[in-house]
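K.L.:
Just need the structure, nothing else, for what follows:
(one chain, ligands or ions: 2)
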Amino acid sequence: MLKQSCSANSPTVYIRDARYDDSLNRIIEDLFTLFPRNRKDSLVLVKPNILGPHAPEKGVTTHPAVVKAVIQILKDQGAKVIVGDNPGMGGYGRSQKAAKTCGLLECAGDCYVNLSLNPVRVKVKSDYFQEVTISREVLEADEIINLPKLKTHSLTVLTGAVKNTFGYVVGADKLRLHASCPTPAQFAQGILDIYEIRPPELNIMDAVLAMEGNGPSNGIPVLLGRILASDNAVTLDAAAVHMLGQKPMFIPHLKAAAERGLGTTEPADMNLAGDLKTVEGFRFPRTFVPGLAGLVLNRYLSRWANCVPEILPRRCTACGICAAHCPVKAMSISPTGPVLNRDQCISCYCCQEMCPEDAIKLSGRLLSLLQRR
Ligand code: SF4
Ligand code: SF4
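P.N.:
Numbering: from 1, shown residues only. Ligands and ions are numbered 1, 2, ... in the order given. Presented below is the predicted three-dimensional model:
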């Protein structure tokens, strides 16, 4: 159990037990008092995780109760509030559908904006890409309040506050970035390059109904009953990783973030406002250990260690979504269903993330070996 520490210059991490009921408003109000700011007439972008058209009880998207409580307090403080995200599947209609299914359209009301409508091309300081298309609102907001969901992720292990800023990127440009950063270590750097365009001022993590297993969309919803918050996204994610019984240095983008000096990752260097009690038995993705091995092996050997997608024919409806979201065209659709070109596959798992039928299993030689043992 990690108890409260107090050092004046350390980033603060707020942790409370929470439920999606009337008590949530009080918790959100409470955490806002810990991160005070004059918001009168300022433009605030609230950025939940709206990966795709998933109902709130699936644990994929930020719960509408959290979004609603945040909007209310911002309005009470006199802010001009806009709420939106760029889902995994781009395009106006798909964004609207995702927002509707996850309950965002209803809870955000007239604050909702379709972020895909206002793209702007910006230059980025990155080893992997020079420019990226993001939503103009990201640049124009006086403040960004990031509302990540606590979930596992087959490629990045965890999708929390830092990874949620990848949703600044509009539509198909996300696929281009995956192709530009084809290894997990490169993608970790790419995520940080996007994050650094505009780090959010406040991050409030929905870990009430979280997701374990093979997230971010086809994992298992799990009730953790917590809300965490921090003004530093890296520190918040690191605290969440400790809470789940792991070490941030095993999460590639958090390790890289610490190396860039973007946040502290050890509880001793955080001001813990609350009790970071450890969650026992939380399940990380099947790809976690093979992915770690892939990070330290050379390019050839990492292909042996990494997992690749395997289609489950009984579940597959041949909808073609996996092929449409493969950044390197390693997946194609034949009359009998999807076909994988293993030599081309970069193990980014976008296909598994976007499959609406959970018809893609990730398997590999190292994983089989570990399972046998
Ligand atoms: S996205 Fe899933 S259901 Fe659709 S073709 Fe691919 S594997 Fe089959
Ligand atoms: S087949 Fe799937 S895992 Fe392989 S590159 Fe394409 S989207 Fe990524």
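
K.L.:
When you work out contacts or count neighbours from here on, use the C-alpha atoms and nothing else.
P.N.:
Will do.

K.L.:
which residues touch I227?
P.N.:
Residues counted as contacts of I227 (CA atoms under 8 Å, 6 or more residues apart in numbering) are 14-18, 204-208.

K.L.:
Just say helix, strand or coil for it.
P.N.:
The three-state assignment at I227 reads strand, by DSSP: H, G, I helix; E, B strand; the rest coil.

K.L.:
start at 317 instead
P.N.:
In the new numbering, first residue 317, that becomes I543.

K.L.:
what sits opposite it in the beta ladder?
P.N.:
Under DSSP bridges, the beta-bridge partners of I543 are R332, D522.

K.L.:
Let me know the pLDDT of it.
P.N.:
At I543, the predicted lDDT confidence score is 98.

K.L.:
Flag the shaky bits of the chain, pLDDT-wise.
P.N.:
Across the chain, the ranges flagged by pLDDT under 70 are 317-324, 406-407, 609-619, 681-689.

K.L.:
can you list the contacts of I543 in a markdown table and add neighbour count?
P.N.:
Output for those, formatted as a markdown table (neighbours: other CA atoms under 10 Å):
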| residue | neighbour count |
| --- | --- |
| Y330 | 26 |
| I331 | 25 |
| R332 | 20 |
| D333 | 15 |
| A334 | 21 |
| I520 | 29 |
| M521 | 28 |
| D522 | 31 |
| A523 | 28 |
| V524 | 24 |
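
K.L.:
can you put those in JSON lines and add distance to N434?
P.N.:
JSON lines is the format used below for the contacts of I543 (distance: CA to CA, whole Å):
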{"residue": "Y330", "distance to N434": "33"}
{"residue": "I331", "distance to N434": "35"}
{"residue": "R332", "distance to N434": "36"}
{"residue": "D333", "distance to N434": "37"}
{"residue": "A334", "distance to N434": "35"}
{"residue": "I520", "distance to N434": "25"}
{"residue": "M521", "distance to N434": "26"}
{"residue": "D522", "distance to N434": "27"}
{"residue": "A523", "distance to N434": "30"}
{"residue": "V524", "distance to N434": "32"}
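
K.L.:
Spell out which parts of the stretch 567-689 of the chain neighbour ligand 1.
P.N.:
Within the stretch 567-689 of the chain, the residues that sit near ligand 1 (CA under 6 Å from any ligand atom) are 627, 632-638, 654, 671-673, 675-676.

K.L.:
Can you select the buried ones among these for me in ChimeraX?
P.N.:
With 16 or more other CA atoms under 10 Å as the criterion, this ChimeraX line picks the buried residues out of those:
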select :627,632,634,636,637,638,654,671,672,675,676
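
K.L.:
which one of the residues of the stretch 567-689 of the chain next to ligand 1 is nearest ligand 2?
P.N.:
Minimum separation from ligand 2 among these (CA to the nearest ligand atom) is found for C638, which lies at 6.6 Å.

K.L.:
The closest one - that's part of a strand, no?
P.N.:
No. The assignment for C638, made by three-state DSSP, is helix rather than a strand.

K.L.:
thinking again about what came up before, could you export the residues of the stretch 567-689 of the chain next to ligand 1 as a markdown table, including distance to ligand 2 and secondary structure?
P.N.:
Compiled in a markdown table, those are given as follows (distance: CA to the nearest ligand atom, whole Å; DSSP: H, G, I helix; E, B strand; the rest coil):
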| residue | distance to ligand 2 | secondary structure |
| --- | --- | --- |
| I627 | 10 | strand |
| C632 | 14 | coil |
| T633 | 16 | coil |
| A634 | 14 | coil |
| C635 | 15 | coil |
| G636 | 12 | coil |
| I637 | 10 | helix |
| C638 | 7 | helix |
| P654 | 9 | strand |
| C671 | 10 | coil |
| P672 | 14 | coil |
| E673 | 15 | coil |
| A675 | 12 | coil |
| I676 | 9 | strand |
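
K.L.:
And the residues of the stretch 567-689 of the chain next to ligand 1, which is closest to G375?
P.N.:
Distance to G375, by CA to CA, is smallest for P672 among those, at 14.4 Å.

K.L.:
Next, count neighbours for the residue in the stretch 467-616 of the chain that ligand 1 sits nearest to.
P.N.:
Of the stretch 467-616 of the chain, the residue with the smallest distance to ligand 1, taken as CA to the nearest ligand atom, is N534 at 11.1 Å. Other residues near N534 number 26, with proximity taken as other CA atoms under 10 Å.

K.L.:
Same question for S650.
P.N.:
By other CA under 10 Å, 10 other residues sit near S650.

K.L.:
Over to D392?
P.N.:
A total of 11 residues lie near D392 under the criterion other CA under 10 Å.

K.L.:
Spell out which residues of this protein are next to ligand 2.
P.N.:
If contacts are counted using CA under 6 Å from any ligand atom, the residues of the chain sitting beside ligand 2 are 624-625, 642-644, 646-647, 656, 661-667.

K.L.:
Kindly recompute the last result at 8 Å.
P.N.:
Taking CA under 8 Å from any ligand atom as the criterion, the neighbours of ligand 2 within the chain are 624-625, 638-639, 641-647, 656-658, 660-668.

K.L.:
Drop anything exposed from the residues you listed.
P.N.:
Neighbour counting over the residues of the chain next to ligand 2 (16+ other CA under 10 Å) leaves 624-625, 638-639, 641-644, 646-647, 656, 661-668 as the buried ones.

K.L.:
Now, the residues you listed that are in helices?
P.N.:
Of the positions in those, 638-639, 666-668 sit in helices, assigned by DSSP state H.

K.L.:
and which of these is nearest ligand 1?
P.N.:
Minimum distance to ligand 1 across those is 4.0 Å, recorded for C638 (CA to the nearest ligand atom).

K.L.:
now that closest one: how far from P625?
P.N.:
Spatial separation of C638 from P625 under the definition CA to CA, to the nearest Å is 10 Å.
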